[in-house]
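Visitor: What shape does this take:
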Amino acid sequence: MSAPRPENETQLAKGLPGLTHHITGHNPSGRAIVQATTPAKWTPLLNDTMAFNVVYTTSKFPPDMTNDADLQAHTALLQKKELGLVNPNGTVARIVDFGPNSEPVMHRTKSLDYGIVLEGEVEMILDDGVKKVMRRGDVAVQRATNHGWRNTSETEWARMFFVLQDSEKLVVGGKELGEDLSNAGDAGTGH
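Guide: Alright, predicted model coming up:
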């Protein structure tokens with residue numbers, strides 16, 4: 001078994017391993033290479049009870065990888081510091097750390113999301129009161145529902161990996177259900 005990885009410099013979550021991003025590409029002859037290796041950069045939110053780490057984004061679907069167009073768009077988007085939870089017409093791969101006994105932030109995004117628990121135990125809460133406890137390896141498929149996440153531990157941080165894909169408008173019962181980040185505070189900024 002390998003030695004535990006040290007925490008990232010900007011990481012809030014004590015006791016969780018630091019993360020590294022490896023982005024692949026191609027050399028001029030078309031062979032696969034590792035184009036970039038960088039430590040995760042964390043953005044603290046909600047009075048340091050949560051932190052976001054944006055792994056990668058795309059700004060159109062399907063992405064254009066010729067001449068690194070997707071990589072250039074990703075870099076430009078992060079430099080603008082205007083990324084919300086969802087990237088219009090694209091995707092966002094994000095890791096979220098939840099502090100011990102964190103309060104759920106109810107929100108709805110106009111997106112199809114895959115959420116995977118990497119560390120700890122997280123409770124998924126829906127606006128109808130349904131609660132599902134998710135453990136390491138469990139996956140939630142969020143289909144533009146109003147939901148929140150709560151770390152169930154009193155002492156340990158929890159970590160989830162999300163992929164958010166922009167979606168068409170959702171209409172249920174003749175009513176459009178749009179994005180609702182009114183309870184999200186600074187977590188709605190997505191950085």
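Visitor: from here on, contacts and neighbour counts on C-alpha atoms
Guide: Will do.
Visitor: contacting residues around the most centrally placed residue in the chain?
Guide: In the chain, the centroid-proximal residue (Cα atoms, centre = their mean) is residue 94; its distance is 2.5 Å. Listed by Cα atoms under 8 Å, 6 or more residues apart in numbering, the contact partners of residue 94 are 52, 53, 54, 55, 56, 161, 162, 163.
Visitor: Save those residues as JSON lines, and put in distance to residue 110 and secondary structure too.
Guide: Listed next are those as JSON lines, based on distance: Cα to Cα, whole Å; DSSP: H, G, I helix; E, B strand; the rest coil:
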{"residue": "52", "distance to residue 110": "19", "secondary structure": "strand"}
{"residue": "53", "distance to residue 110": "20", "secondary structure": "strand"}
{"residue": "54", "distance to residue 110": "18", "secondary structure": "strand"}
{"residue": "55", "distance to residue 110": "20", "secondary structure": "strand"}
{"residue": "56", "distance to residue 110": "19", "secondary structure": "strand"}
{"residue": "161", "distance to residue 110": "18", "secondary structure": "strand"}
{"residue": "162", "distance to residue 110": "14", "secondary structure": "strand"}
{"residue": "163", "distance to residue 110": "13", "secondary structure": "strand"}
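Visitor: possible to save those as a markdown table with neighbour count, pLDDT and distance to residue 134?
Guide: Below are these laid out as a markdown table (neighbours: other Cα atoms under 10 Å; pLDDT from 0 to 100; distance: Cα to Cα, whole Å):
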| residue | neighbour count | pLDDT | distance to residue 134 |
| --- | --- | --- | --- |
| 52 | 25 | 96 | 19 |
| 53 | 21 | 97 | 21 |
| 54 | 21 | 97 | 22 |
| 55 | 20 | 97 | 22 |
| 56 | 17 | 97 | 24 |
| 161 | 20 | 98 | 13 |
| 162 | 20 | 98 | 14 |
| 163 | 20 | 98 | 17 |
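Visitor: Closest to residue 111 out of those?
Guide: residue 163 (9.7 Å; Cα to Cα).
Visitor: Kindly state the beta-bridge partners for that closest one.
Guide: residue 93, residue 114 (DSSP bridges).
Visitor: My guess is it contacts residue 93. True?
Guide: Yes: between residue 163 and residue 93 there is a contact at 4.5 Å, judged by Cα atoms under 8 Å.
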